[in-house]
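[1] Below are the sequence and a predicted model; questions follow.
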Amino acid sequence: MPAACTRALASPHRRLLKVTANERLGAYSVLRVGDPDGPLPAPGQFAMLAAAEGWGGGEEGRPYLARAFSVARVRDGEAHYLLEDVGPGTRGLCALAPGDGVLALGPLGRGFSLPQEERRALLVGGGVGIAPLAILQDALTQTGSASTVLLGFRDAAHAVGARLLSGAILATDDGSVGHAGLVTELLAAELERDGHAVVYACGPAPMLEAVRALCAARVTPAELALEAGMACGFGACYGCVVPARDGRYLRVCVDGPVIDAGELDHVDAHAGAPT
Amino acid sequence: MPAACTRALASPHRRLLKVTANERLGAYSVLRVGDPDGPLPAPGQFAMLAAAEGWGGGEEGRPYLARAFSVARVRDGEAHYLLEDVGPGTRGLCALAPGDGVLALGPLGRGFSLPQEERRALLVGGGVGIAPLAILQDALTQTGSASTVLLGFRDAAHAVGARLLSGAILATDDGSVGHAGLVTELLAAELERDGHAVVYACGPAPMLEAVRALCAARVTPAELALEAGMACGFGACYGCVVPARDGRYLRVCVDGPVIDAGELDHVDAHAGAPT
Amino acid sequence: MSVEFCGMTLAHPVINGSGTFDAIAARGAFGEALEREFPFAAFVSKTITLQARVGNPPPRLWEVPAGLINSIGLPNRGLEGYLAEDLPALSGWLPVPLITNVMGSSAAEISQLLRACDAREEIAAIELNVSCPNVHTGLDIGADPRQLEAVLSEVRGDTHKPLIVKLTPNTADVGACARAAQEGGADAVSLINTLRAMALVPRRAELRRVAGHQLEERVAEGSDSRERQAATVNPSGRWLGGGTGGLSGAAIRTVALAQVAAAVASVEIPVIGMGGVQCEAHAQDLLDVGAKLVAVGTESFRDPLVGGRIARELTAGPA
Amino acid sequence: MSVEFCGMTLAHPVINGSGTFDAIAARGAFGEALEREFPFAAFVSKTITLQARVGNPPPRLWEVPAGLINSIGLPNRGLEGYLAEDLPALSGWLPVPLITNVMGSSAAEISQLLRACDAREEIAAIELNVSCPNVHTGLDIGADPRQLEAVLSEVRGDTHKPLIVKLTPNTADVGACARAAQEGGADAVSLINTLRAMALVPRRAELRRVAGHQLEERVAEGSDSRERQAATVNPSGRWLGGGTGGLSGAAIRTVALAQVAAAVASVEIPVIGMGGVQCEAHAQDLLDVGAKLVAVGTESFRDPLVGGRIARELTAGPA
Ligand SMILES: Cc1cc2nc3c(=O)[nH]c(=O)nc-3n(C[C@H](O)[C@H](O)[C@H](O)COP(=O)(O)OP(=O)(O)OC[C@H]3O[C@@H](n4cnc5c(N)ncnc54)[C@H](O)[C@@H]3O)c2cc1C
Ligand SMILES: Cc1cc2nc3c(=O)[nH]c(=O)nc-3n(C[C@H](O)[C@H](O)[C@H](O)COP(=O)(O)OP(=O)(O)OC[C@H]3O[C@@H](n4cnc5c(N)ncnc54)[C@H](O)[C@@H]3O)c2cc1C
Ligand SMILES: Cc1cc2nc3c(=O)[nH]c(=O)nc-3n(C[C@H](O)[C@H](O)[C@H](O)COP(=O)(O)O)c2cc1C
Ligand SMILES: Cc1cc2nc3c(=O)[nH]c(=O)nc-3n(C[C@H](O)[C@H](O)[C@H](O)COP(=O)(O)O)c2cc1C
Ligand code: FES
Ligand code: FES
């Protein structure tokens, strides 16, 4: 089984940071935020982000609360976030320009643990859920571990996001790039080929559930980076829960977002990345 | 006494118009909005304005409702508004750039009536309250009537606003331009010189009250353009009231904004232009 | 999309909230165009009382995040003035049925209002506003189910016209109140009215923060930063001339949805849902939880024709 | 700026609203820095019940204009678990007095909770959440003044610690409820709790409008534009797993101000005011209408240290 989760402590201060770049990557945006003095996030940790200006407005009077985003990469004193515009909050962040302010609280939550027992790392991502796998791949590369990366996307425009990682094997729903079908089909084949692996997955709930079921059937250790609507990100509101195997609820923000697949009976329909 | 009030009918449609210019005029902004097909406002009428984008947001979640502004001038298919930034609504409008959208409902309310009995027109304005006097002066000039214009401002930066009218005699609180003191002191002197006049006034409540008292004492007809917090501008909310002489309340938006001074016992402290 | 409601056939399910649209004033401001594009399927008058009322002293409005507090104080000409002046001013041109909203502080007063309205054929239905303190108990007539049912039973016989009871939302159990209205003989209930709310005169420091540096020089002198602007205007520190007011608009929308759903679950009679409706989606939410009609209030202040647009979009499906 | 409150000396007048700050989880996320900068002058626990509760199924949150609806469902370890696990996890490092919030559905249950808390010296004061349906009557214990006073009189003797009663705002006359709490022996009252509210699963059309064109292709197929997203997840059409929830945040601020003013006018005991406080000005408004302490809830979700900043600004006067 994977070792203890990794987690860096956040400052309780919500910090005002500056956008250094915000560039399109296919259907996504990569937001870069200067944070030279911030705590170094562990792979899988996230931050609560809000634009410093114009948050709380919008036609529907939203966004009001900050939004959770996985740290996708840390490089040269900048944190990178992969964003998909799915609503008022992500839209506001996608529209930021270099120099704009971002209010950030983080890094938060428990990240991935590194492979044990010389298992090979299988990184499985779907859509915008590939974000935490990028920083995980960076960490694995640093420790000299190779990783196999399997990523699934809707179509070619989204598959451009795969550039965030290196050497990814792709699947697309519409078959425009790579395997025509589900990324979990690639995973099944990989596990078939060499089952001495640990799976790290992040993506939509149905994908995570398929990963969980596959790994459970093969007794392959798996860590799932879950998502949930969050109000606070630091355990205060009890809003971000997913049902655990024992009938209780886990708070994704403090008990996760990375959760050992074995703790779950199933992946809740609300617990995945936006689709 | 002045003749029946003038009033153009508005369309019940809130119309999406485009900003054609927005330029500083001393401490004020002059917002110009293209409206070639709109009804021609009568002097003293106003419009309810809101920015088409970003209204309803802001740090305090305001502005939510549209804001009332006197039409300051109509020229070449454009309506001009004189704006003073006193809060979130005016700030939002002051920040508009050419091409931005403005939602406008108007022209609304009752305007000034033109002089009767060959009385000379005395236009008395204070601060941003000079706006409706500009379009009134235009109308008087068109009918060949001369007008004497007395305007009061806080200081030299605000006194620049006087350029909206022609031939104005100025007073400033700090004495930096023109008469050092109140514009109503100029009015008293003018009425002394030649009392066969009709006074048209718009400005802060204390100024309007002084004008009312002066004119009442001399039995000089006077029309006061009042202001009040408004939610609707077309008589729906009953929010914009000022107390009348008979103990009832007048709705500034439909019974005014131009009200015969004789209808008032005093000018309510909330019924003037922002100070 | 035409709707049968209490024996009336309405062109669509969108009406106005009482006190948020003055058809006579709007006709004056917009002329005949208003008749052609009248935004509501029925017109609800503002609340009429037995005696004329001038309403509360200004200020009467306070804007809040996504909402508005009003403290209008129900100004109206009184029953007699309404019947003598407003009904003729509406008749001939009002293209939709008229629902007259009335309020009284005792069964006797309400009875008199209902009887007078019953006699006028211009009035298609009566809405009874029960957010009125009982002269005897001091408690709002509509806040206590028992009191509400008793009053309604007493007055129900006074009109043959459809009787809509406009419930108060400031109550422990709005479902119980809706049921009481039904038991008392109401033909329909409408809700929600505004939520009790309050605002203080803005402090100078607050204004400064909102308006930026400019204001600093302009507010009257005084060294205490906690001193409130216009303290002389209203020494109580309360902004609204009436002391407290009622919150409406987007801010109350989800409270309205919960209360409308609770009312629907409690009665068989039709429910008119309102509170914070700004667009078709909000109206559809109320219809989805079981409202038969939807009323638009505060949003009409921003756009007088919004009711008509919502009705069209409900018919056509969202764009 | 230190404040005497029910025999406690607090460093400043700002505390947290129950259920909106988990000191143990925050200590885990922020480490020792939290101890040095603890934002509140006292820490109020989330509501503890006799039996453990897992809480409501997700989704538990719905964001609205200037507010939040939550339907958390009071998950907690139960009295025993709280005393055995949470108290030790707080002791040693919590730099401020602990107020334990409890809730029971009958006098007997409440009595048991109070007695257990009374025995623990780690607990400085008890807050009783009376937004709980009475097992016998079904009505919230705090919604009816008579019921409230009766229950409190019965349990008051069970603790010597200061007893704060957290009133429900979903009531006809909050002043009467505050008075009932005082008569029943409360040492203080706190308000407001959240307003009952509801949200529906967003329709696909709605999502499309909000999210722009992109979403259109992504939402599951289906021809009926009124069909709701994730209807399979929650066939009732209600978004919140708990069906309805409670509205908090800026949207309820002026309702809170009115209710706090009404409570202050009705009692001599101190009042803790809360509801939508986001900055010093909002806190000062509550103090100006007579609150002794102010609590911050939802705003802490946006900024965990906002309570401390408000306290500093209240002390220094606004910047
Ligand atoms: C730990 C974690 C990591 C994440 N990492 C990333 C990341 O790296 N990149 C990324 O793009 N996203 C990430 N997300 C998801 C991201 O947080 C959401 O996409 C974002 O919060 C959406 O906000 P929005 O305002 O754009 O959309 P919203 O309008 O909030 O809509 C998003 C979804 O929420 C629901 N919803 C709609 N309206 C409401 C409402 N009023 N209240 C509550 N829910 C509503 C609907 O299901 C909707 O599809 C992450 C989430 C978590 C929890
Ligand atoms: C008929 C008419 C004509 C007008 N013509 C002009 C014009 O030509 N040019 C011009 O610049 N202005 C004009 N005004 C005034 C203009 O409408 C106001 O300055 C504007 O509405 C202010 O909005 P705001 O959001 O900028 O400021 P607000 O924040 O709304 O503040 C303005 C004032 O309103 C009060 N206030 C503060 N907060 C609130 C609140 N939350 N709710 C309610 N009131 C509050 C305070 O007294 C404050 O000083 C006119 C007003 C009327 C009625
Ligand atoms: C300015 C104003 C005046 C109102 N006057 C009345 C009234 O006279 N009688 C009444 O029953 N309701 C009155 N209401 C309540 C509305 O009819 C409606 O119930 C409430 O505003 C909620 O709807 P909304 O959020 O769409 O405005 C008034 C509301 C406002 C904002
Ligand atoms: C997510 C959440 C959970 C809450 N849980 C509790 C609770 O367990 N017990 C309680 O008495 N109040 C609870 N409340 C109510 C708050 O303590 C507070 O009364 C309310 O949120 C109003 O304050 P605010 O607008 O500042 O959030 C909760 C509020 C929220 C938003
Ligand atoms: S987001 Fe608030 S507890 Fe997890
Ligand atoms: S602004 Fe609504 S009645 Fe005048």
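    Cool, got the structure. Source: prediction; values computed, not measured. Ligands and ions are numbered 1, 2, ... in the order given.
[2] tell me which element residue C:175 falls in.
    Residue C:175 belongs to helix C:174-183 when assigned by DSSP states H and E.
[3] which other residues reach that helix?
    C:142-143, C:145-146, C:148-149, C:152-153, C:165, C:167-168, C:171, C:189, C:191-192, C:259, C:262-263, C:265-269, C:271 (Cβ atoms under 8 Å, 6 or more residues apart in numbering or on different chains). C-beta coordinates here come from the backbone N, C-alpha and C atoms, glycine included.
[4] swap in stretch A:15-28?
    A:29-35, A:38, A:52, A:78, A:82-84, A:94, A:96-105, A:128, A:154, A:156-161, A:163-164, D:214.
[5] Keep these, but drop any that are not near ligand 1.
    Under the cut-off given by Cβ under 6 Å from any ligand atom, ligand 1 has A:82-84, A:128 from the contacts of stretch A:15-28 close to it.
[6] Going along the chain, name the strands of the stretch 151-275 of chain A.
    A:168-172, A:179-180, A:197-202, A:222-225, A:241-243, A:249-251, A:258-260 (DSSP state E, counting those that start in this stretch).
[7] mean confidence for the fourth one?
    The reference is to strand A:222-225. The average of the pLDDT scores along strand A:222-225 is 98.
[8] Residue A:158 and residue A:125 touch, don't they?
    No. Using Cβ atoms under 8 Å, residue A:158 is not in contact with residue A:125, being 11.4 Å away.
[9] neighbour-wise, which of those two wins?
    The neighbour comparison of residue A:158 against residue A:125 (other Cβ atoms under 10 Å in any protein chain shown) goes to residue A:125, with 30 against 25.
[10] wait, is that one part of a strand?
    Yes. Membership of residue A:125 in a strand is supported by DSSP: H, G, I helix; E, B strand; the rest coil.
[11] ok, it - contacts?
    Contacts of residue A:125 (Cβ under 8 Å, 6+ apart): A:133, A:149-152, A:165, A:183, A:201-203.
[12] Tell me where the stretch 101-250 of chain C has helices.
    Along the stretch 101-250 of chain C, the segments classed as helices by DSSP state H, counting those that start in this stretch run C:107-118, C:145-155, C:174-183, C:204-211, C:213-218.
[13] which one of those lies closest to residue D:199?
    When the helices of the stretch 101-250 of chain C are compared by Cβ to Cβ, helix C:174-183 sits nearest residue D:199, at 17.4 Å.
[14] Which parts of the closest one count as buried, going by neighbours?
    Under the neighbour-count criterion of 16 or more other Cβ atoms under 10 Å in any protein chain shown, helix C:174-183 has C:174-182 buried.
[15] got the angle between it and helix C:145-155?
    Using axes from the mean of the first three to the mean of the last three Cα atoms, to 10 degrees, the inter-axis angle of helix C:174-183 relative to helix C:145-155 is 20 degrees.
[16] Is ligand 3 within reach of helix C:174-183?
    No. Judged by Cβ under 6 Å from any ligand atom, helix C:174-183 stays clear of ligand 3, getting no closer than 13.1 Å.
[17] What's the mean pLDDT across stretch C:242-255?
    For stretch C:242-255, the per-residue pLDDT averages 95.
[18] got it, and stretch A:191-211?
    96.
[19] First-to-last residue distance for it?
    Taking Cα to Cα, to the nearest Å as the measure, stretch A:191-211 stretches 11 Å from start to finish.
[20] Check the offset of that stretch from the chain's centre.
    14 Å (Cα atoms, centre = their mean, to the nearest Å).
[21] Bridged to residue A:82, which residues?
    residue A:30 (DSSP bridges).
[22] pretty sure it contacts residue A:46?
    No. Using Cβ under 8 Å, residue A:82 and residue A:46 do not qualify as a contacting pair, with a distance of 11.7 Å.
[23] between the two, which one's more packed in?
    residue A:46 (29 against 23).
[24] any idea how far that one is from residue A:258?
    Per Cβ to Cβ, to the nearest Å, residue A:46 is found 10 Å from residue A:258.
[25] got the contact list for the helix ranked longest in chain A?
    Taking DSSP state H as the criterion, chain A has its longest helix at helix A:205-218. Helix A:205-218 is touched from outside by A:124, A:126, A:129, A:152, A:182-184, A:187-188, A:191, A:195, A:199, A:201-202, A:220-222, A:224, A:226, A:261-262, A:264, A:266-272, A:275, with contacts defined as Cβ under 8 Å, 6+ apart.
[26] what about it, near ligand 1?
    No. With Cβ under 6 Å from any ligand atom as the criterion, ligand 1 is not reached by helix A:205-218; the gap is at least 11.1 Å.
[27] Quick one: distance of that helix to the chain centre.
    So, by Cα atoms, centre = their mean, the centroid of helix A:205-218 is 17 Å from its chain's centroid.
[28] again with stretch C:118-137
    Worked out by Cα atoms, centre = their mean, stretch C:118-137 lies 13 Å from the chain centre.
[29] Could I have the CA atoms of that stretch written out in CSV?
    Output of stretch C:118-137 as CSV, limited to C-alpha atoms (Å, rounded to 0.1, in the frame of the first residue of the first chain):
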residue,chain,number,x,y,z
ASP,C,118,-67.1,42.6,-4.1
ALA,C,119,-69.5,45.2,-5.4
ARG,C,120,-67.1,46.4,-8.2
GLU,C,121,-67.1,44.4,-11.3
GLU,C,122,-63.8,46.0,-12.4
ILE,C,123,-62.2,43.8,-9.8
ALA,C,124,-61.6,40.2,-10.9
ALA,C,125,-60.1,38.9,-7.6
ILE,C,126,-59.0,40.1,-4.2
GLU,C,127,-55.6,39.5,-2.6
LEU,C,128,-55.6,39.9,1.1
ASN,C,129,-52.3,41.1,2.6
VAL,C,130,-52.1,39.5,6.1
SER,C,131,-48.7,41.0,7.0
CYS,C,132,-50.6,43.4,9.2
PRO,C,133,-50.4,43.6,12.9
ASN,C,134,-53.7,42.7,14.5
VAL,C,135,-55.0,45.8,16.4
HIS,C,136,-55.9,43.5,19.3
THR,C,137,-52.9,41.1,19.6
